[in-house]
Each structure stands twice: as structure tokens, then as C-alpha cells.
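Colleague: Mind looking at a prediction? Sequence and model below.
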Amino acid sequence: NAGVTQTPKFQVLKTGQSMTLQCAQDMNHEYMSWYRQDPGMGLRLIHYSVGAGITDQGEVPNGYNVSRSTTEDFPLRLLSAAPSQTSVYFCASSWGTGGLEQYFGPGTRLTVT
Amino acid sequence: ELKVEQNPLFLSMQEGKNYTIYCNYSTTSDRLYWYRQDPGKSLESLFVLLSNGAVKQEGRLMASLDTKARLSTLHITAAVHDLSATYFCAGRGGSEKLVFGKGTKLTVNP
């Protein structure tokens, strides 16, 4: 049982490049979400999904795309990276409304130059 | 819209002393989470508080929830260096959307 996994751990992009941050969980959790963490800002929700085929926006969705084709995977796409997207990105999952715990992945540190 | 405020944001304390971190939230949240984060690491779940008056303890940390005052506290008893970390509280702002406070960076000095 690997829990929540994220790849890559580190990434450097140039402005305008695109990339996908991968997130997978093997706990059969319904709910998955993406947060970004910036110094002094706590964690802010980017997008979330309550099940395969269902996604919605969080607090800071601009510049990011998501899809959820399977229960296990929830990739986050940056279509045209900007320096403002330099951050640490965390994926989380939980059982959903009935679950208590949110399980966080190890994070991806992204730098956009 | 749920907003969560923590204070203090920075806390430097001596080993052996007690202190409390406060977490205020603006609207109803049916649960309150506390997390710990070490530098460069992910978030580690400490407590989930579900009901008014809930109190949970683990080692030198004790968390409580007062839903009427919309306040949760994380009390540190006889601090030790290993407790140095950043502590976050978070409320649930609908569905499974967590709204985090900005975090309290705790430094415990020998």
C-alpha cells in the first residue's frame, strides 16, 4: 500500500512550457484534490474531484487543468507555466464525505523561470 | 465562505514551557484538522476534531474545539526540541475542501 504518490519530486520549467504533475493513490479513495503551498500562505485548493469523471474548481484554479478518468489517478496540468506558479504542490485523497482523514502525498517542488 | 486564521504565526519558546496556538474560523465547519509539517516534508495528520467540546491528546500536544466560539486550540505542554515544526489548522469548507490557516512556525530552543 503506497498511499498517495506524486511525480516528479522536483521540476524546473521555463515560462510558457507545459507539464503534468502526476498523482496516484491506491486506497480506492473517492475524493482527490490538489493544493499549492506558498511561503506564508498555508495551503490553497486548486482543483478537486469527488469521483471519476467529476472535477471542480477550488480557490486558485486559474492556469491549471485537471481530469479524473480513473479512481486512482488525478493529474494536474499546467498549460503555459508562469513564474507565479512557482510553488510546492500537494495532492491529497480521502474516502469522501464519510471519511475523516485526508492523506497527503510527498509534494512536487516546481520552479518556473 | 470559510476563512481560517491562526495565531501566532511565529512562536519561539524554551524547552519545558507551555504554550497555545489558536485557530479561529469564520463560518460553520463540521470538523477541524490539525497538521504538522517538517521543513521540506509533507503534512502529517495530528488530530481531527468533530464536535463541540472535543479534546484529543497525543504526547505533549492537546487539541480542543469550541464550535460556538469557532475556535480550536493546540496546547503544547513542556515543549521539547522535537516539536519544532510548522503547525496548520484547517476547516472543512464544504464537500472535502479544506481551508487552511497560514500556519504557525514553532521553534523550541534548548
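Modeller: Received it, and whenever you're ready, just let me know what you need. Numbering: from 1, shown residues only, chains lettered A, B, ... in the order given.
Colleague: Flag every residue of chain B that's near chain A.
Modeller: Taking C-beta under 8 Å from any C-beta of the partner chain as the test, the list of chain B residues beside chain A reads B:4, B:9, B:31, B:33, B:41-43, B:45, B:48, B:50, B:88, B:90, B:95-103. C-beta coordinates here come from the backbone N, C-alpha and C atoms, glycine included.
Colleague: Sitting in strands, which of those residues do you find?
Modeller: Of these, the ones assigned to strands by DSSP state E are B:4, B:33, B:43, B:45, B:48, B:88, B:90, B:98-100.
Colleague: In CSV: the residues you listed, plus neighbour count and pLDDT.
Modeller: Shown next, in CSV, are those (neighbours: other C-beta atoms under 10 Å in any protein chain shown; pLDDT from 0 to 100):
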residue, neighbour count, pLDDT
B:4, 24, 95
B:33, 25, 93
B:43, 24, 95
B:45, 14, 92
B:48, 19, 92
B:88, 26, 97
B:90, 27, 94
B:98, 28, 88
B:99, 24, 92
B:100, 22, 94
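Colleague: Mind telling me which residue of chain B is nearest chain A?
Modeller: Residue nearest to chain A within chain B: residue B:100 (3.8 Å; C-beta to the nearest C-beta).
Colleague: So the spatially closest residue to that residue that is not a sequence neighbour versus residue A:21, what's the distance?
Modeller: Of all residues not flanking residue B:100 in the chain, residue A:42 sits nearest, at 3.8 Å (C-beta to C-beta, 6 or more residues apart in numbering or on different chains). Residue A:42 sits 19 Å away from residue A:21, going by C-beta to C-beta, to the nearest Å.
Colleague: One more: residue B:53?
Modeller: 40 Å.
Colleague: and residue B:56, what are its bridge partners?
Modeller: Taking DSSP bridges as the rule, residue B:56 bridges to residue B:63.
Colleague: How much space separates it from residue A:77?
Modeller: Taking C-beta to C-beta as the criterion, residue B:56 is separated from residue A:77 by 38 Å.
Colleague: Model confidence score at the residue most central in space within chain A, please.
Modeller: By C-alpha atoms, centre = their mean, the mean C-alpha position of chain A lies nearest to residue A:34, the distance being 3.0 Å. Looking at residue A:34, its pLDDT stands at 97.
Colleague: Contacts only, for it.
Modeller: Neighbouring residues of residue A:34 by C-beta atoms under 8 Å, 6 or more residues apart in numbering or on different chains: A:21, A:23, A:45-48, A:58, A:64, A:66, A:74, A:76, A:89-92.
Colleague: Give me the below-cutoff pLDDT ranges for chain B.
Modeller: B:95-96 (pLDDT under 70).
Colleague: swap in chain A?
Modeller: For chain A, counting by pLDDT under 70, the residues that fall below are A:96-99.
Colleague: distance of the closest residue to chain B within it from residue A:14?
Modeller: Here the residue of chain A nearest chain B is residue A:42; by C-beta to the nearest C-beta that distance is 3.8 Å. Using C-beta to C-beta, one gets 28 Å for the distance from residue A:42 to residue A:14.
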